[in-house]
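1. Model the structure of this input:
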Amino acid sequence: MDSRVSALWTRFRAHRLASILTILATLAVGILIGTVVSSGVKGQESKKTSDATPLTIPSPQQLSNQFSQIATKLEPSVVNINTESTIKTPHRRRGQQQQGNPDESPFDDFFDRFFGGQGGGDSGGDIHQRSLGSGVIVDPKGYIVTNRHVVEKADRIRVRLQDDPPSVLHDAKVIGMDQETDLAVIKIEATSSLPVAKLGNSDSMQVGDWVLAIGSPFGLQATVTAGIVSAKGRNIVPGRQFQTFIQTDAAINPGNSGGPLVNMAGEVIGINTAILTDTNAYAGVGFALPSATIRDVYNAIVFNPDHRVARGSIGIMFTAQENPAIARVYGVNGGVTVSNVVAGSPADQAGLKIGDTITTVDGKPVKNGDELVGDIASRKPGSKVNLGFVRNNNKQEAAVNVADRAKLFAARLGDDDEGEEDSGPKETKLGITVQNVTADIADRLEIPANKGVIVQDVKPSSFADDIGVARGDVILEVNRQAVNTVEEFTRVQAGLKSGQDVVFLVRQRGGGRQGNGTIFLAGTLP
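-> Predicted coordinates:
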């Protein structure tokens, strides 16, 4: 029995070992097959991706470096402009008592009405406004280009340079302004040569070109924004032939006005002027006056003796947008059809009429209104031009004198200088506006007629304001010279120089015919 059991046990052990070996062999074969298959798949994958082109990225130094270099170069020439202006409201003379006081002048109601007030009551005085803008230095002697709307009607203009502390501001004076283009030139007194910006050629700019806008939006000085030229030749103000803008999507906000639009060569190719928005803030569309316009206006303002842009005009109007129907009805194939002739203008005097179509200027064909305006505007007032025109299918010619556009269209431009010279009050360098003492004024104030000039307005912080001259005072003499008319006053003050002592003999407001209250007001002219 023992031998038989022993044999069975031996046989069982042998079969168990064989089974284990079989299982191990099977696993080994499976692992080997899996490894071979996996290696084949990986090989196929590796073979497929090797045909692809590796991805690359450009050097990070292109635009970012260029922008920063331009900003570093241009920022010192871009300035912050601070202006102070006064909005006139009915107000009382300095030191006047409240209504009902027995010392109150009986002429208050008249003066309030005569000098722009509504009569009676205490209105609390004028409203003083402060505003911010930008500008760019274009001459090392301190000449700055900015927008007219930044500095017009300002009582005081001060400029802050980039490297100056916030408390340091330079007083600026207006050299000249041009309403047609909304450009102005101001000047600060430079103790040393100032950094200037170089003017570029706006005509070379193309839609899609990169540009930078530099200025002081919301008073944040030396702010730089980037964008592209999104359009050229934009006319956004109806009837303004001289305001053709570069459109950009570089961010422009209130305070950017007057700052430069710069190309990638670091040159000024525009002055930021306006934005198109419903919220008075950046909405993706801004406009800059091109450098070609800046050059012409700047040179005219700075180098003309009267510091203004003199443009020629013949006194006609026409439809700005070309309309083929007009050409068909009036029987012409080109030119500019006249829609209105200003009465008394050179065109009127030369016999031009509504419906005439101007086809040539000095023999040169005229294609559209922009060409006609550009040609005539470039001519000096007083010169002559030969116009070819068509009337009722008949060709005719006329010699026309060229007039000063600003005077010819003064009423439309809101700048009627001629009327003001004849009868209106005059502001002087002393900081006051004076007017003749007419018989009506003399009767109402109980003062002698034609004796002295009456002060209609005093500019805040001016020389006259500092020495105590007030609205309603009658100035009888200036440095012992009688001034009984505006012309006499203007002639005397024209001879005054900086650093000179100036003494006014003044009949103060309410002095009456007896001359009570006549005093001297004096100081040294800054």
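
2. ranges for the helices of the chain?
-> Applying DSSP state H to the chain gives helices spanning 2-49, 63-74, 108-114, 148-151, 291-303, 324-329, 346-349, 369-377, 405-408, 410-413, 417-423, 439-445, 463-467, 486-494.

3. Quick one: mean pLDDT for the fourth one?
-> The pLDDT scores in helix 148-151 average 94.

4. just to revisit the earlier point, hey, least reliable of the helices of the chain by pLDDT?
-> Comparing mean pLDDT across those, the weakest is helix 417-423, with a mean of 37.

5. Now do the contacts for Y282.
-> Contacts for Y282 were tallied using C-beta atoms under 8 Å, 6 or more residues apart in numbering; they are 251-253, 275. Placement of C-beta: from N, CA and C, glycine included.

6. and R405, how far is that from V478?
-> Counting by C-beta to C-beta, to the nearest Å, the gap from R405 to V478 is 37 Å.

7. ditto for T277
-> From T277 across to V478, the span is 50 Å (C-beta to C-beta).

8. the more surrounded of the two?
-> A count of neighbours by other C-beta atoms under 10 Å puts V478 above the other of T277 and V478, at 22 against 15.

9. The closest residue to the more buried one other than its chain neighbours: what's it in contact with?
-> Counting by C-beta to C-beta, 6 or more residues apart in numbering, V492 is the residue found nearest to V478 once chain neighbours are left out, at 4.7 Å. Taking C-beta under 8 Å, 6+ apart, we find V492 in contact with 478-479, 481, 483.

10. Show me the shaky parts of the chain.
-> For the chain, applying pLDDT under 70 flags the ranges 1-50, 60-64, 87-128, 238-240, 320-321, 410-428, 510-517.

11. could you redo the last one with a cut-off of 50?
-> Where the chain drops to pLDDT under 50, the residues are 90-124, 415-426, 514-515.

12. Find the centremost residue of it, please.
-> Central residue of the chain (C-alpha atoms, centre = their mean): N147, 2.8 Å from the mean position.

13. Test my guess that that residue contacts G270.
-> No. Counting by C-beta atoms under 8 Å, N147 stays clear of G270, with 11.6 Å between them.

14. residue ranges for the strands of the stretch 201-350 of the chain, please.
-> 210-215, 223-234, 245-248, 260-262, 268-275, 286-290, 312-313, 316-318, 336-341 (DSSP state E, counting those that start in this stretch).

15. And the stretch 51-200 of the chain, by the same measure?
-> Along the stretch 51-200 of the chain, the stretches classed as strands by DSSP E, counting those that start in this stretch are 78-87, 127-139, 143-147, 156-160, 170-178, 183-188.

16. what's the last one packed up against?
-> Judged by 3 or more C-beta pairs under 8 Å, 6 or more residues apart in numbering; DSSP states H and E, strand 183-188 is in contact with strand 143-147, helix 148-151, strand 156-160, strand 170-178, helix 291-303.

17. strands paired with that strand, and their directions?
-> strand 143-147 (antiparallel), strand 170-178 (antiparallel) (DSSP bridges).

18. now that strand and helix 291-303, what's the angle there?
-> Counting by axes from the mean of the first three to the mean of the last three C-alpha atoms, to 10 degrees, strand 183-188 lies at 50 degrees to helix 291-303.

19. List the buried residues for strand 183-188?
-> Applying a neighbour-count criterion of 16 or more other C-beta atoms under 10 Å, one finds 183-188 buried in strand 183-188.

20. TSV please, covering those and showing distance to D362.
-> TSV is the format used below for the buried residues of strand 183-188 (distance: C-beta to C-beta, whole Å):
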residue	distance to D362
L183	29
A184	33
V185	32
I186	37
K187	38
I188	43
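
21. Among these, which one lies nearest to A398?
-> Lowest distance from A398 to the buried residues of strand 183-188 (C-beta to C-beta) belongs to L183, with 33.5 Å.

22. Run through the bridge partners of the closest residue to F287 other than its chain neighbours.
-> In space, and not counting its chain neighbours, F287 is closest to F245: 3.8 Å by C-beta to C-beta, 6+ apart. Beta-bridge pairing for F245 (DSSP bridges): R234.

23. now F245: how far from A283?
-> With C-beta to C-beta as the criterion, F245 and A283 are 16 Å apart.

24. residue contacts, the closest residue in space to D296 that isn't next to it in sequence?
-> Excluding the flanking residues, the one nearest D296 by C-beta to C-beta, 6+ apart is V309, at 7.7 Å. By C-beta under 8 Å, 6+ apart, the contact set of V309 is 176, 178, 180-181, 296-297, 300-301, 406.
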